[in-house]
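Q: mind looking at a prediction? Sequence and model below.
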Amino acid sequence: MEIFVLGCAGSGKSTFVKNFSEYLREKGYRVDCVNLDPASEPIYKASKDIREFVKTEHVMEEYGLGINGALIKSVEIAANYADKLKCGGEFVLYDTPGQLELFIYSLAGRRFVEELSSTFSLSIFLVDSTLITDPESFLSAVMQNAVASLRLNIPSLTVFTKSDVSEVNVNVLLNELKKREGVLAELMEKLVDFIELTTIPYRPIKISNLKKTGYDDLFSAVNELFCSCGDIS
């Protein structure tokens, strides 16, 4: 099973890959971790590392680019090596670039997924719970997840990180949304349909990478996603 770990910068992608891979190994599974970020060294033992083929700092020097241009260029170059990053583990965790837009809004990201995915592939979209402070920020995160799933054409699970320091109450947020008034409120109410493209209505998954909690719930959801007899609720 291939798991593409997505999320905005600071959501805890690399820490999640490190800790969740350890969790899976303790259950007896063969697990591979793959770094797809040409700008960052992995904080875990990587079975494959895109930085063996391209490094953003070298791209900056070679092409005379600034950091943003080099990030885009290095991810484009990295996609040419996607076939060299395949692994044979029962679970393969792909740690995507820190900047979410580099992966989901580029042809390179789609190419990575097409090359590396199989019948049992999904993305885990990490949402920083500390940033979900109102209905607007909640719906923004949900929309990003829906867009990622549509762009990459694989199912996605929404996972709220940092649950040890902040609690996301979906029902409270939705009730607050109903109290809004004006054109913006009408727009947000229509966007609630985006939630149906995620797993949030059925079971909000909340984890703490610091305390390593919530992984059992996530593991169950990952398996149920591909089980015809499973019930995600």
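A: Good, I have the coordinates.
Q: tell me how far the lengthiest helix in the chain lies from the chain's centre.
A: Longest helix of the chain, by residue count under DSSP state H: helix 135-152. Relative to its chain's centre, helix 135-152 lies at 11 Å (Cα atoms, centre = their mean, to the nearest Å).
Q: check which residues of that helix are buried.
A: 135-136, 138-142, 144-149, 151-152 (16 or more other Cβ atoms under 10 Å). From N, CA and C alone the C-beta is placed, and that goes for glycine too.
Q: so where do the strands sit in the chain?
A: For the chain, applying DSSP state E gives strands covering 2-7, 31-35, 48-49, 91-95, 121-128, 156-161, 205-206.
Q: out of these, which gets nearest to residue 212?
A: When the strands of the chain are compared by Cβ to Cβ, strand 156-161 sits nearest residue 212, at 11.8 Å.
Q: sorry, back to before: between the strands of the chain, which gets nearest to residue 114?
A: strand 121-128 (10.1 Å).
Q: packing partners of the closest one?
A: Here strand 121-128 touches strand 2-7, helix 13-26, helix 135-152, strand 156-161, helix 215-224, going by 3 or more Cβ pairs under 8 Å, 6 or more residues apart in numbering; DSSP states H and E.
Q: still on that earlier bit, can you redo the strands of the chain as a markdown table with mean neighbour count, mean pLDDT and distance to residue 42?
A: Below are these laid out as a markdown table (neighbours: other Cβ atoms under 10 Å; pLDDT from 0 to 100; distance: least, Cβ to Cβ, whole Å):
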| stretch | mean neighbour count | mean pLDDT | distance to residue 42 |
| --- | --- | --- | --- |
| strand 2-7 | 24 | 94 | 12 |
| strand 31-35 | 23 | 97 | 4 |
| strand 48-49 | 19 | 96 | 6 |
| strand 91-95 | 26 | 96 | 7 |
| strand 121-128 | 24 | 92 | 16 |
| strand 156-161 | 25 | 89 | 18 |
| strand 205-206 | 21 | 91 | 24 |
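Q: that older thread, lowest average pLDDT across the helices and strands packed on strand 121-128?
A: Lowest mean pLDDT within those: helix 135-152, a mean of 81.
Q: packing partners for it?
A: Right, helix 135-152 is packed against helix 100-104, helix 107-116, strand 121-128, strand 156-161, helix 170-179, helix 183-191 by 3+ Cβ pairs under 8 Å, 6+ apart.
Q: what's next to the third one, contact-wise?
A: The contact list for strand 121-128, computed with Cβ atoms under 8 Å, 6 or more residues apart in numbering, reads 1-8, 10-13, 16, 113, 141, 144-145, 148-149, 152, 154-162, 168, 198, 218, 222, 225-226.
Q: tally of neighbours for residue 101?
A: 13 (other Cβ atoms under 10 Å).
Q: over to the one 4 residues further on?
A: When neighbours are counted by other Cβ under 10 Å, residue 105 registers 14.
Q: so it sits against residue 148, correct?
A: No - Residue 105 is beyond contact range of residue 148, at 9.4 Å (criterion: Cβ atoms under 8 Å).
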